[in-house]
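In: Give me coordinates for this.
(one chain, ligands or ions: 1)
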Amino acid sequence: MSQREAVGVLISGGGTNLQALIDAAQDPAYPAEIVVVISNREEAGGLERARRAGIPAVWIPHRDKTRAAFDEELLGALQEHGCRWVALAGFMRILTPVFLDAFPGHVLNIHPALLPSFPGVRGQKQAFDAGVQIAGATVHLVDAGTDTGPIVAQGAVPRLDGDTLDEFQARILAVEHQLYPMVLRWAVEGRIQVKGDAVQVDLRPGERRWIWGA
Ligand code: GRF
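Out: Numbering: from 1, shown residues only. Alright, predicted model coming up:
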């Protein structure tokens, strides 16, 4: 039997961050195992990525139901698969407190901006349009707000002269793929603690809570 911590990943889209987590977890020494992938969108490419990796892929539509009813179905599916942790990876729904209370301190999210700047949708475009010269991504613990929970780690990238929005977004996405597997490892190893609003991570030699992704 696997001693690894069971993680459920929630997605709504293409799932490149999901893929980064799947790839990391291919290594038997990685302390987390992705045991289920759930999407609110049937056409989400990430569901196919899960199937290809032999991971149960579940579609739970959110339309025509209350937020509470949707979250209850999510919870049911995650619990059915024995999840102890939940990683949001491009999941475009806000979770209810009832959901979060079922996984206290065990829900992570990745956001494509250096929070607390540019929360909400299309963080990369917000940053691009604002003309920021250092952009990036954030992995944080999830609370009931939108991209407001305690920050665990960040990856920073430059905006280069002549960048198109696509090039800028791709550079951010590449650092996301490094950041998320790193933080999920810390989480499931019990190395993340919240003290007030701040996070403490029990770092090993050579580890840092930031990545420079130039
Ligand atoms: C990523 O930029 C992530 O930060 C944001 O949504 C996007 C999902 O991309 N929350 P993907 O589906 O992982 O490729």
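In: which ones are touching whatever residue of the chain ends up closest to the ligand?
Out: The minimum distance from the chain to the ligand, using Cβ to the nearest ligand atom, falls at residue 90 (2.6 Å). Placement of C-beta: from N, CA and C, glycine included. By Cβ atoms under 8 Å, 6 or more residues apart in numbering, the residues touching residue 90 are 11-15, 17-18, 46, 110.
In: what about 6 Å?
Out: Residue 90 makes contacts with 11-13, as judged by Cβ atoms under 6 Å, 6 or more residues apart in numbering.
In: give me the element the nearest residue to it once chain neighbours are set aside is part of.
Out: Computed as Cβ to Cβ, 6 or more residues apart in numbering, the closest residue to residue 90 that is not its neighbour in sequence is residue 13, at 4.6 Å. In this assignment (DSSP states H and E), residue 13 forms part of neither any helix nor any strand.
In: got the contacts of residue 90 as TSV, with distance to residue 106 columns?
Out: Shown next, in TSV, are the contacts of residue 90 (distance: Cβ to Cβ, whole Å):
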residue	distance to residue 106
11	18
12	20
13	23
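In: Which neighbouring elements make contact with the longest helix seen in the chain?
Out: If you go by DSSP state H, the chain has its longest helix at helix 165-188. Contacts defined by 3 or more Cβ pairs under 6 Å, 6 or more residues apart in numbering; DSSP states H and E place helix 165-188 against helix 16-25, strand 107-111, helix 123-130, strand 134-141, strand 151-158, strand 210-212.
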